[in-house]
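Enquirer: One predicted model, sequence on top.
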Amino acid sequence: MKKKWWQEAVVYEIYCKSFCDSNGDGIGDLRGVMSKLSVLRDLGVNCIWFTPIYTSPQVDNGYDVADYRNIDPAYGTIEDFKELLEMAHAMGIRVIMDMVLNHSSDEHPWFIESRKSKDNPYRNYYIWQPPKADGSAPNNWGSYFREGNGSAWEFDETTGEYYLHQYSIKMPDLNWEYEPLRREIYDMLHWWIDLGVDGFRLDVFTRFKKPAGFPDTQKTPDPKLDRNGFVVDGAMCTNVEGIHEILHELYTEVFGPRESMTVGEGAGVSHHNALDYCCASRGEVDMVYHFDLAYRGRYVISNELFRKVQKGWAEVMHHNAWPVQYLSNHDSARQVSCYGCDSAEYRADSAKLLAVLVHTTPGTPFIYQGEEIGMVNVRYDSIEDYNCRYTLGDYHAMVARGIGSEEALNTVAPRSRDNARTPYQWNSDANAGFTTGTPWIKVNPRYSEINLERDLASEDSIFAFYRELTRMRREDPAILDGDLTFLMEDHDRILMYMRRCARQTLLVIANYCGENTAFEIPSELRENQWTRRISNKKNTEPALNGTRALLPWEVEIYELAR
Ligand code: GLC
Ligand code: CA
């Protein structure tokens, strides 16, 4: 069947703030992106996803939107954006925007109006509730960012009511029950499509619908983090009955008729319920990215988990849905530090192995900026250097409970989202070539060892390896069309799988650990002729007979001779 463009895409996520600064103010911007677009084209990227670049007070780096129809002045102007769009399109690169529709900034004119009075025309754009009889918050929900007293409700003096904010106090939740709000959002989305954008990434799209009556959560709080009786329970507002009606209306009003691509951030979506959202016949979203593998705070992905999740999604695929493959993004730590090994010895090999897993499993690969040069986690000395709301919230909650600052920092640092948000490392100049000024967040000190300029100078680099993988996607039919079968299923170090379509069979073998591993090549493989297509250890002998010994993090792709 003819594929949709987004099924053939290689998506590259740009965290604009940390990508490239063109004017020395320390903040990445659109002109900076424009100056680097050709690098992305050479990498084989044909779609970029911008995390939010709209006007915003930047409480959550743009996920707090104050004007959905404008570009934040720190990033440029709408004219710059149009220019960028034209440039990208001329290079064959599509552009998708991050749409934050669960909440806005409290500085959005809608909210400024909404909080003025109970009968303001914008009152119902947000979720307001009266206090309980004793004046306390409407229920026991805690907010993700754990600001203030930890409640997900903030009292507003002016009208004597509380508003809901699942995230920051400065990010009130929008009220999807209210039709005028929905209309306003549809108009705005049409406006972006008219401007030429090719699709949208939908922020926390499973959380638009809230449960009727706002019942208390019964979840037992995590004593290490929750406080004042407020409990963070994602399940309360995730996949709530009625969410599908909302998404279907969005589709029929906007995405469907405009053929605009959507990828939802699937908090609460796994291969078990994915079809409820992204089965083509439902008319909701085109793709969902899940947290079954990449998950904040997960440091190991076992072979067992990898196989289980990949098989689950391969099954989903047979029912007219299309998976996303990725291992990290702007909300996680760096994949090579979590699931590979970021030591000087194994960083490149393990980064390449992870790249193979993402680019050779079924679905559309998403690359997060810096992954293609193997950028690693950072450890700042002081909490002052951190910016991520989760990191700050968790840290201060721990310190408030009497945990020492060093211990608290050691706990929050490895999973901080700031690991992924350090400035892109372009070269070994000051500040990694990201800015001539002072970067808004400190550069990773390993930038002279890890940077694009170095990678471009070597044929063996991680960047060159990614380029090979994106080329395979364009040229090797089994990557796009092949089914997925695992071999050696009970091995806890070797991942082995085949991708097979009518025209081609590929075989991936990965020694997914930092040790030498010897194993017997399965007999069914020995009868055939295989050619090695890709390897991250150029000096080893390709061999698929008898016993095979793989080096730490060794990965190879073979093709069956026909
Ligand atoms: C999503 C975003 C994250 C943001 C949150 C609130 O999870 O990816 O960066 O903090 O939503 O908008
Ligand atoms: Ca700038």
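Expert: All right, it came through fine. Ligands and ions are numbered 1, 2, ... in the order given.

Enquirer: Any idea how many residues pack against the nearest residue to Gln529 once chain neighbours are set aside?
Expert: Nearest non-adjacent residue to Gln529, counting by Cβ to Cβ, 6 or more residues apart in numbering: Ala561, 3.8 Å away. Every C-beta, even on glycine, is put in place using the N, C-alpha and C of the backbone. The tally of other residues near Ala561 (other Cβ atoms under 10 Å) stands at 9.

Enquirer: could you list every residue that touches Ala561?
Expert: Asn528, Gln529, Trp530, Thr531 (Cβ atoms under 8 Å, 6 or more residues apart in numbering).

Enquirer: could those go into a markdown table alongside distance to ligand 2?
Expert: Below are these laid out as a markdown table (distance: Cβ to the ion, whole Å):
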| residue | distance to ligand 2 |
| --- | --- |
| Asn528 | 55 |
| Gln529 | 54 |
| Trp530 | 50 |
| Thr531 | 48 |
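
Enquirer: what does this protein put close to ligand 1?
Expert: Contact residues, the chain versus ligand 1 (Cβ under 6 Å from any ligand atom): Asp60, Tyr63, Val100, Tyr167, Asp203, Val204, Glu265, His330, Asp331.

Enquirer: The last one reaches Ala420, doesn't it?
Expert: Yes: applying Cβ atoms under 8 Å, one finds Asp331 in contact with Ala420, separated by 7.4 Å.

Enquirer: Neighbour count: the two, which is higher?
Expert: Taking other Cβ under 10 Å, Asp331 and Ala420 do not tie; Ala420 has more neighbours (26 against 18).

Enquirer: Isn't that one up against His330?
Expert: Yes: between Ala420 and His330 a contact is recorded at 5.3 Å, counting by Cβ under 8 Å.

Enquirer: what sits in contact with each of the two?
Expert: Taking Cβ under 8 Å, 6+ apart as the contact rule, Ala420 and His330 both touch Tyr15, Tyr368.

Enquirer: Quick one: name whatever helix or strand follows the helix or strand that His359 is a member of.
Expert: Take DSSP states H and E as the rule and His359 turns out to sit in helix 347-360. Once the chain leaves helix 347-360, the next helix or strand it forms, by DSSP H and E, is strand 364-368.

Enquirer: pLDDT of that following strand, averaged?
Expert: Averaging pLDDT along strand 364-368 yields 98.

Enquirer: ditto for stretch 421-430
Expert: 98.

Enquirer: any bit of that stretch sitting next to ligand 2?
Expert: No: residues of stretch 421-430 contacting ligand 2 under Cβ under 5 Å from the ion: none, with a closest distance of 11.3 Å.

Enquirer: mind saving the C-alpha coords of that stretch as PDB?
Expert: Taking Å, rounded to 0.1, in the frame of the first residue of the first chain, the C-alpha atoms of stretch 421-430 are listed here in PDB:
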ATOM      1  CA  ARG A 421      18.500  20.500  27.200                       C
ATOM      2  CA  THR A 422      22.100  21.500  27.300                       C
ATOM      3  CA  PRO A 423      23.200  23.500  24.300                       C
ATOM      4  CA  TYR A 424      23.900  21.600  21.100                       C
ATOM      5  CA  GLN A 425      27.600  20.900  20.700                       C
ATOM      6  CA  TRP A 426      28.600  22.300  17.300                       C
ATOM      7  CA  ASN A 427      32.400  22.400  17.700                       C
ATOM      8  CA  SER A 428      35.100  22.800  20.300                       C
ATOM      9  CA  ASP A 429      35.000  26.700  20.500                       C
ATOM     10  CA  ALA A 430      33.800  28.400  23.600                       C
END
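
Enquirer: Quick one: residues in contact with that stretch.
Expert: 15, 17-21, 28, 61, 330, 369-370, 373, 375, 378, 387-388, 431-436, 439, 441-444, 447-448, 450-454.

Enquirer: Now the residue of the stretch 401-550 of the chain found nearest ligand 1. Nearest residue, chain neighbours left out?
Expert: With Cβ to the nearest ligand atom, the shortest gap between the stretch 401-550 of the chain and ligand 1 falls at Arg417, namely 6.9 Å. Excluding the flanking residues, the one nearest Arg417 by Cβ to Cβ, 6+ apart is Cys388, at 4.1 Å.

Enquirer: just Ile112 next, same as before
Expert: Excluding the flanking residues, the one nearest Ile112 by Cβ to Cβ, 6+ apart is Asp106, at 7.9 Å.

Enquirer: residues contacting that neighbour?
Expert: Asp64, Ile112, Arg115, Ile169, Lys170, Met171, Pro172 are the contacts of Asp106 under Cβ under 8 Å, 6+ apart.

Enquirer: ok, and which of those residues reach ligand 2?
Expert: Among those, not one lies near ligand 2 by Cβ under 5 Å from the ion.
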